[in-house]
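J.: how would this look folded up:
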Amino acid sequence: MLKGTQPNIKQPPWELGKVTLFEDKYCTMLVRYGLDGKTFSQFCRDIAITRDQFSEWVRSNPQFAHAKAIAEVNMDAFYEDYCQVNLYDKDVNVQMFTWYSKARLRWQEPKEEPQEQNTRIVITREVLDLDRKRDDEDVD
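T.: Next comes the predicted model:
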């Protein structure tokens, strides 16, 4: 799927308005999604739950929370492996991969520290003379 193919989105296997209840099989399914580099959003879409419902499952079910942690490691490793394998492939879209990696791995550009500016000020005789003239005019 990473080489420019379109995702294969099938007709949803659920009924609209029907709440999906937690099942133990979702733990294994989530770990497998991570192994394939698929995101939590894709998992939620495929089993017809919201991100809020996903988060609630993580909070209320330690087994699912552990599966999420494993899946997250698997997702990161999937893209790290992909990068290493395709490091010298000229057909890989580097900009797209960089953008996706930054979003997926939460990478940020390092912030530049403000640097002191060492500005050298040179006061010439002309500047001093102009300043004195201005002071003399203010007194008058």
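
J.: shouldn't residue 108 be in contact with residue 102?
T.: Yes. The criterion here is CB atoms under 8 Å, and residue 108 meets it with residue 102 at 7.3 Å. C-beta coordinates here come from the backbone N, C-alpha and C atoms, glycine included.

J.: and these two? Which one has more around it.
T.: Each of residue 108 and residue 102 has its neighbours counted (other CB atoms under 10 Å); residue 102 has more, 12 against 7.

J.: give the rounded mean pLDDT of the helix or strand encompassing residue 129.
T.: Assigned by DSSP states H and E, residue 129 belongs to helix 125-139. Averaging pLDDT along helix 125-139 gives 70.

J.: quick check: buried residues in stretch 40-57?
T.: Within stretch 40-57, the residues that count as buried by 16 or more other CB atoms under 10 Å are 40, 43-44, 46-47, 49, 53-54, 57.

J.: one more: stretch 89-102?
T.: Neighbour counts over stretch 89-102 (16+ other CB under 10 Å) mark 92, 101 as buried.

J.: so which of the buried residues of stretch 40-57 sit within helices?
T.: Residues of the buried residues of stretch 40-57 located in helices (DSSP state H): 40, 43-44, 46-47, 53-54, 57.

J.: tell me the pLDDT at the most centrally placed residue in the chain?
T.: Central residue of the chain (CA atoms, centre = their mean): residue 103, 2.0 Å from the mean position. On pLDDT, residue 103 comes in at 76.

J.: again, but for residue 53
T.: pLDDT at residue 53 comes out at 94.

J.: could you do residue 1 as well?
T.: 48.

J.: so where's this protein shaky on pLDDT?
T.: The model of the chain has pLDDT under 70 over residues 1-18, 105, 115, 121, 127, 131, 135, 137-140.

J.: mind jotting down where the strands sit in it?
T.: Assigned by DSSP state E, the chain shows no strands.

J.: any idea of the angle the helix ranked longest in the chain forms with helix 40-47?
T.: Counting by DSSP H, the longest helix found in the chain is helix 62-85. For helix 62-85 against helix 40-47, the angle by axes from the mean of the first three to the mean of the last three CA atoms, to 10 degrees is 120 degrees.
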